[in-house]
Each structure stands twice: as structure tokens, then as C-alpha cells.
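**Student:** All I have is the shape, not the residue letters:
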């Protein structure tokens, strides 16, 4: 896991666990607020994909795991695909969101054995949570077919509720292992108290 | 992971990886038949309000067979929450890591399939049976994802664990 986050040209020290936990809380609050706002304005009709793209952006900029950017090293433990010698595009330079180019022999993307164990353990924990996130919409959809009267009291349209629960499950799928890692990793060396 | 399953005096040995792989293939073959017939049954029920007796019997048979195999399956794979030795724990967690992505693709597929349940330009031009199937597809995919959730980490463990030594 990296101890520093580079965002818009500024460096943020993420070695203290408290800061990483704050980041995790902020990301989930932002995603929840986005989902609530989209439901309020559009009932997620045609805008559900935005949640997906925002989750991808959160992974790219803050969380990592699936991308070279972010705090958590790539889960696949492989070198980044883009190893071009070309400088970053002008737009990224202006926005200062480019990541430094890593040479293939530079092992900073590679996890050591301890990190691989942590990665697997985080996925093990996330798997249980994701299972519950699958069970809830499955249970509600089954209830709707078998006993419609039991779900009639819920004030949201069943199709929208089902879609929203699947969106939540998808968000958890993309973010939960990284967030577990960021939440549980203790203060790193050099963390300010 | 356990190496044998005993029902009365019958003992089924699972030390050999080949046998474990056949067992995993069998359970997923039963599941596949159930999923295909289940999709057919749900579509038929939605269209006609009833299903043929043959379909209902085959689906019920698949469910019974799957549950019976699943009991053996979970017994052989062992308790996924138990604290084993370090190697066992690491193998179990790595199996969950590999299964995690397939579970996620199931959720993604169910989410994309919910496009057909909403008003859209594709389903109105399709035949009634296919349209009914597509409307029910998200629920079917979610059910399949649930089956993946309860079986896949154990299946990966049984599939990848090398041959074990037979007890003396």
C-alpha cells in the first residue's frame, strides 16, 4: 500500500490510519449522496451508469486496486499495461492528475507476500459482504413473486428498489476490498501522531 | 478439506484430485441443467400461468439432486469459517479472491439485464416468449449469482488442491 496520495499536484500523507479511514468514510458518503440525488431527480432512469463511472473514478484516483493510481497496489500484481515512453497528455499535465511512469523493472506496483495475504484476506471478508448484498435483492425479488403482499408496504417502486440494491452491490464489488485494506492497515512508518 | 465422505457403511474417498474434479463437474452439470430448465419453467409459467408436469418433475429432481450433492460438497470442502492452519487459511482466502471477481461479474450481468425489464426499444419487437424470458432474466441471473456465491470458493479449493495422501 502506498503512503502518499498525489491529487491535483498536491501530495497528501496517508500514512496515519485515521486519515485513510476518513477517506473511506468520505468516499462512501459521497457515493451514497450521489445515489440519493440521482434517485430524487431521475429515479436512476438513464443515470444509474453514472454511479458506476464515479466508482471507477474513486478507484482510479483514491483507492487503487484495479488501476495503477490510488493507494492500494494493483490486485493482479502485474505491471501496468501502458509503459509508453511518451510524456502524459497535456490535459492530464494541466490537471496534474497524471501518475508517474513506472518502468517494468520498477517493482513498486508489485505486492510482497505479506501484501498478497492481506489482499486475499480482504477479498475473503468482502466476499461475505457481497454475498449479503446479493441475497437481499434476490430475497426481495423472490418475495415479490411468491408473496407480493409482504413487499407492498415498501414505499419505493419494486423495480427501482431492485435496481438500486444491485447498484449498491456493484459499488461494494468495486470498492470494498480496497476500503477494507485501507481501514485495517495500521499506521505506517513515519506516520505523524 | 476432508478426504472422505461416509454414509452408513459406504465411504467415498476424495484424496485423488481427479475424483474431486469429477465431483465438481457433476455438481455444476446438475446446476446447469437446473438453471436452464428453471429459466424455461419461469418463462412458461409467466406465459401460460402453468408448466407441464414433466418440466416440474425434472426441475424438482434437479433441486433434490443438487441439495444432496451440495451437502457432500460442503462437507468435503470443510467449514469455510473455521480457523485452520496457516496454509489452509491462505488457500481458502485465495480461493475467495479468485471467486470474488466471478461473483462481481454475475452482479454486473444482472444489472445490465435489468435494462430489459424497463421500457426499452428492443423487447417490443421480439417474440412474446423471448420477451418474457428477457424480462425475467435479471432475476434468473441473480439466482445464478447466488448459486455461484454458495459454491464457487469450495469448488476452486476442491479443483486446485493436489492429490492427498491416503490414510494408512
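**Tutor:** Great, that's in hand. Not measured: the values here are computed from a predicted model. Numbering: from 1, shown residues only, chains lettered A, B, ... in the order given.

**Student:** Does stretch B:109-127 reach chain A?
**Tutor:** Yes - shown here: stretch B:109-127 in contact with chain A (C-beta under 8 Å from any C-beta of the partner chain) through B:110-111, B:114, B:117-118. From N, CA and C alone the C-beta is placed, and that goes for glycine too.

**Student:** Please produce CSV containing those, extended by pLDDT, neighbour count and secondary structure.
**Tutor:** Shown next, in CSV, are the residues of stretch B:109-127 next to chain A (pLDDT from 0 to 100; neighbours: other C-beta atoms under 10 Å in any protein chain shown; DSSP: H, G, I helix; E, B strand; the rest coil):
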residue, pLDDT, neighbour count, secondary structure
B:110, 90, 27, helix
B:111, 89, 22, helix
B:114, 84, 21, helix
B:117, 76, 17, helix
B:118, 75, 14, coil
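
**Student:** Just the closest of those to residue A:136, please.
**Tutor:** Residue A:136 lies nearest to residue B:110 out of these, by C-beta to C-beta, at 12.8 Å.

**Student:** in the least confident helix or strand in chain B by mean pLDDT, what counts as buried?
**Tutor:** For chain B, using mean pLDDT, DSSP states H and E, the weakest element among its helices and strands is strand B:4-7, scoring a mean of 77. Residues of strand B:4-7 classed as buried by neighbour count (16 or more other C-beta atoms under 10 Å in any protein chain shown): residue B:5.

**Student:** Pull up the pairing partners for it, direction included.
**Tutor:** Within its sheet, strand B:4-7 is paired with strand B:10-13 (antiparallel), according to DSSP bridges.

**Student:** Tell me the one of the residues of stretch B:109-127 next to chain A nearest residue B:164?
**Tutor:** Nearest to residue B:164 out of the residues of stretch B:109-127 next to chain A is residue B:110 (C-beta to C-beta; 37.1 Å).

**Student:** That closest one contacts residue A:165, correct?
**Tutor:** No - look at residue B:110 against residue A:165 with C-beta atoms under 8 Å: they stay out of range, at 10.3 Å.

**Student:** thinking again about what came up before, quick one: contacts of the least confident helix or strand of chain B?
**Tutor:** Residues outside strand B:4-7 that contact it (C-beta atoms under 8 Å, 6 or more residues apart in numbering or on different chains) are B:11-15, B:72, B:75-76.

**Student:** Can I have the buried ones of the residues you listed as a ChimeraX selection?
**Tutor:** The ChimeraX selection below is limited to those of those classed as buried (16+ other C-beta under 10 Å):
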select /B:14,76
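
**Student:** Could you tell me how far the least confident helix or strand of chain B lies from the centre of the chain?
**Tutor:** Centroid displacement of strand B:4-7 relative to its chain, using C-alpha atoms, centre = their mean, to the nearest Å, is 22 Å.

**Student:** just to revisit the earlier point, going by distance to residue A:73, which of the contacts of strand B:4-7 wins?
**Tutor:** Nearest to residue A:73 among the contacts of strand B:4-7: residue B:76, at 34.7 Å, using C-beta to C-beta.

**Student:** State the distance from the closest one to chain A.
**Tutor:** Going from residue B:76 to chain A by C-beta to the nearest C-beta, to the nearest Å gives 20 Å.

**Student:** Could I get the average pLDDT for the helix or strand harbouring that residue?
**Tutor:** Using DSSP states H and E, residue B:76 falls within helix B:53-77. Helix B:53-77 shows a mean pLDDT of 87.

**Student:** what packs against that helix?
**Tutor:** Here helix B:53-77 is seen to pack against strand B:4-7, helix B:17-48, helix B:128-160 when contacts are counted using 3 or more C-beta pairs under 8 Å, 6 or more residues apart in numbering or on different chains; DSSP states H and E.
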